[in-house]
Every structure is written in structure tokens, then in C-alpha cells.
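Participant: coordinates only, no sequence provided:
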């Protein structure tokens, strides 16, 4: 079995949750004994992982360029996984034309239609944007993303909340969807991590290029941290994140304990040294890597309803959920001071990881779903007339536009 992964970026698992997710899936496929080729449109950065060490081949590709047709035809993959719907828009029609029998899968990472709609709501209300109306959800982004998912044989969601949204609000049939949360081995869960009394200070972490993370830092700076610091004058907040811009480093203030420390070379080390993780996310989608990292390292958290969404099912949360600055600060102080509450939250995190994020369980379910579709691909596609219709019209419009751009680039 040969899997081709098509992405805009080379994986940077130390920089973002998306990079971690793509390596998680890539390694799962390798573990099946499958051949994996990773193709990206961008140049590698200094933080890109050397995927060849995991037995994964690397291929550079270009958008709006017929050279891809030759590449994909020669690779002749059995499965093509698109890293987000935008890659399916760019390359899906070419894959279908060159490799019509390949199973086409979209890894959503998070639903962009949901992320963007919540961001728009936040700009208007400046409060935590969780539940949205159909009018808010039915955007141009939604039309593009939903069309892409319908054109594909399967779409992978990380959150049960988002899968329910697609089924109930957008009417996508469950046969086209699969929920596969993060996948962690038992060996990754640090149940022997430092105890309550061996830790100090607060931590927050996240790629600064991700708008919800930057907003969280600003909210911490302006409203939440001053409240916490007033109650805990010796505590510090350590802020880590990849691609730290000057506007973020300018917020660093040792006097108030608000420390902007840049990229964390070892997430587990810094997470295990902190007593409480703060994730005041007012908009966004998907499930949050920073909160999974906190659970893995036995670090209780305070987050919002957006942050906790889709991560714990019916299980108790691994900390406290609060949606206002006052409630958030009060919760942070409580967890920081109360050893019993802290220990209980820590155990809840371990329970969530073991029951909902088990690598063997989640990985086996995904592989079974993919192989099942491949074994009866024609019958699977015959049940999705809407997808076939969308592919027909998308191929025509996208192909002509792509060829026009390619010809224009050649002339210039």
C-alpha cells in the first residue's frame, strides 16, 4: 500500500499541533508497513523535521503546474491524503484524473469554517465565541470546505464536536466522515512527572502565527494576569511559542512576572516544571495540542469552553473551564493553591488520555476505516452522487483556471 500525503508545509511537530498531527498520521501508516511519500509545496525551514529518518520519502511539488501530473502518475499511490481542504482544492482534480482508483482523504486538522466564523463573532463581541448560528456558519469558507469534504472519499476530524456539526448542520453523511483524535502511547503519559510541591509558576504555549494563540496572550496581559498576580505576587507566567514576533517579545515584563520566552526546545521539560497551564482561547476550532501536552505531563489547566471542546467527552475535565477574565483568574489561583484540586485535575487528564487518545485504539479504527473504503471503493462512491457532481464541476472550473495560471507563469 502506498500513501501520498500532500501538504503546503513540511512537518514541524515542535512548532505546531498541525505538524505534530501530520507526523502522527505518517508514522501510523509506516507502522502498517505501508510506503509513505510526503509532498509539500513550500521549501523546508530550519525547523522542518527530517522525515526520511522515519522511512518517509520527500517530494517537492508546485501548485498550478502540470509537473505534478507526472509525479503523481509515477508514484501511483493507493491512498492520497490532503493536509486540509485547500490542498484538495489545488490537487484533487489532478489526483482523480491521474490516479482515479486512489482513495482520496482530507485531514481537516480543524474545521476552518468553524474557526473563521468564531473569529468573526469574536471581532464583534470580544467574548468567548463558542456556539454559532447557521447564518454565522454558512460562509464562503464553509461552501469551499464542505464542497471539498463532499468531493473526497473520507474526511478525518479530530473532534467529535466537529463531526456532529458536519452531520447535523451541513448534512454530510457519516459514511464520509471519521473522527480520529490524537494518538498517544501509554509510554508518553508521564504519570511520574513532578508533584504539586515540586512545581512553580504558570505556563502557556502556542505558535504565535495562530491568531487564537496571539489573542490569548493579549487577554492574559491585559486582564487575566494582573488579577492572578495580585493574588499570587511571587508567581510568574512563562509564555512559549514558535515564531515569536517582536510585538510579542515587547510584552516581556520581568517586574510583573509576565515572561515571553520564545520557542520551547523541550515542551515536556517546561510543561513539567510549571504548576498550572493557562489556555484562554476565545475562538478557534479542533482540539488543542497545548492542552494534550499539559495532560501528558501531569499539568492541570485552566481553559475556556472553546479550549476544552471535543477533548473529554463525558469525562471530568483536567482542570477548570472559565469564560470570563474574573472566573479564569479565580480558577487559576485555586488550582495553584489547592493541592487536592490540583491532584484530582491531574488524574482526570491521565484518564482522558487513556480512554480517548489511546494510540492503538484510535489508530486501528482509522486504518480499518480506510482499508474498508478501499476494498469497496466503487460502491462507496456510488452512494455519494453529490460528491460526484461537485467533482465534475470543480474539475472543469479549477482545471481551466490552473492551466491559465500555468500558461501565464510560463509567459512571464
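Facilitator: Noted; the coordinates are in hand. Keep in mind it's a predicted model, so treat the numbers as computed, not measured.
Participant: run the chain-centre distance for stretch 88-106.
Facilitator: The chain centroid and the centroid of stretch 88-106 are separated by 22 Å under CA atoms, centre = their mean, to the nearest Å.
Participant: try stretch 289-302
Facilitator: That offset, for stretch 289-302, works out to 15 Å (CA atoms, centre = their mean).
Participant: and that stretch, how far apart are its ends?
Facilitator: With CA to CA, to the nearest Å as the measure, the ends of stretch 289-302 fall 14 Å from one another.
Participant: then stretch 207-226?
Facilitator: With CA to CA, one end of stretch 207-226 sits 23 Å from the other.
Participant: kindly report the same for stretch 230-241.
Facilitator: One end of stretch 230-241 sits 25 Å from the other (CA to CA).
Participant: pull the residues that contact it.
Facilitator: Under the criterion CB atoms under 8 Å, 6 or more residues apart in numbering, residues 200-208, 213, 217, 220, 225, 228-229, 248, 257-264, 267, 270, 274, 278, 329, 333, 336-337 lie in contact with stretch 230-241. The way it works is simple: take the backbone N, C-alpha and C, and place the C-beta from them, glycine included.
Participant: without its sequence neighbours, what residue ends up closest to residue 149?
Facilitator: residue 155 (4.4 Å; CB to CB, 6 or more residues apart in numbering).
Participant: what helix or strand is the one you found on?
Facilitator: strand 154-157 (DSSP states H and E).
Participant: show me what secondary structure element comes after that strand.
Facilitator: helix 160-168.
Participant: state the mean pLDDT of that next one.
Facilitator: For helix 160-168, mean pLDDT rounds to 97.
Participant: got it, and stretch 188-201?
Facilitator: 97.
Participant: stretch 352-366 now?
Facilitator: Across stretch 352-366, the per-residue pLDDT values average to 98.
Participant: could you tell me the end-to-end distance of that stretch?
Facilitator: Length of stretch 352-366, first residue to last, CA to CA: 19 Å.
Participant: quick check: the residue nearest to residue 149 touching residue 109?
Facilitator: No. Using CB atoms under 8 Å, residue 155 makes no contact with residue 109, being 11.0 Å away.
Participant: which one's more surrounded, those two?
Facilitator: Under the criterion of other CB atoms under 10 Å, the comparison of residue 155 against residue 109 puts residue 155 first, with 28 against 21.
Participant: tell me the pLDDT at the more buried one?
Facilitator: Residue 155 carries a pLDDT score of 99 in this model.
Participant: with residue 412 instead?
Facilitator: What the model reports as pLDDT for residue 412 is 60.
Participant: returning to that earlier point: can I get the buried part of the contacts of stretch 230-241 as one PyMOL selection?
Facilitator: The buried residues among the contacts of stretch 230-241 can be selected in PyMOL (16 or more other CB atoms under 10 Å) with this line:
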select buried, resi 201+202+203+204+205+206+207+208+213+217+220+225+228+229+248+257+258+259+260+263+264+267+270+274+278+329+333+336
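Participant: in helices, which of the contacts of stretch 230-241 fall?
Facilitator: Among the contacts of stretch 230-241, the members falling in helices (DSSP state H) are 213, 217, 225, 228-229, 248, 267, 270, 329, 333, 336-337.
Participant: so how many other residues sit close to the closest residue in space to residue 257 that isn't next to it in sequence?
Facilitator: Spatial nearest neighbour of residue 257, excluding adjacent residues (CB to CB, 6+ apart): residue 236 at 3.9 Å. Residues lying near residue 236 (other CB under 10 Å) number 18.
Participant: for residue 236, give its distance to residue 57.
Facilitator: Between residue 236 and residue 57 the computed distance is 45 Å (CB to CB, to the nearest Å).
Participant: identify the farthest-apart pair in the ones in helices among the contacts of stretch 230-241.
Facilitator: Largest separation among those by CB to CB: 248 and 337, giving 28.7 Å.
Participant: where in the chain is pLDDT low?
Facilitator: 395-412 (pLDDT under 70).
Participant: any idea how it splits into domains?
Facilitator: Following automatic domain parsing, one gets these domains for the chain: 2-183+359-411, 186-356.
Participant: nice, that's everything, thank you.
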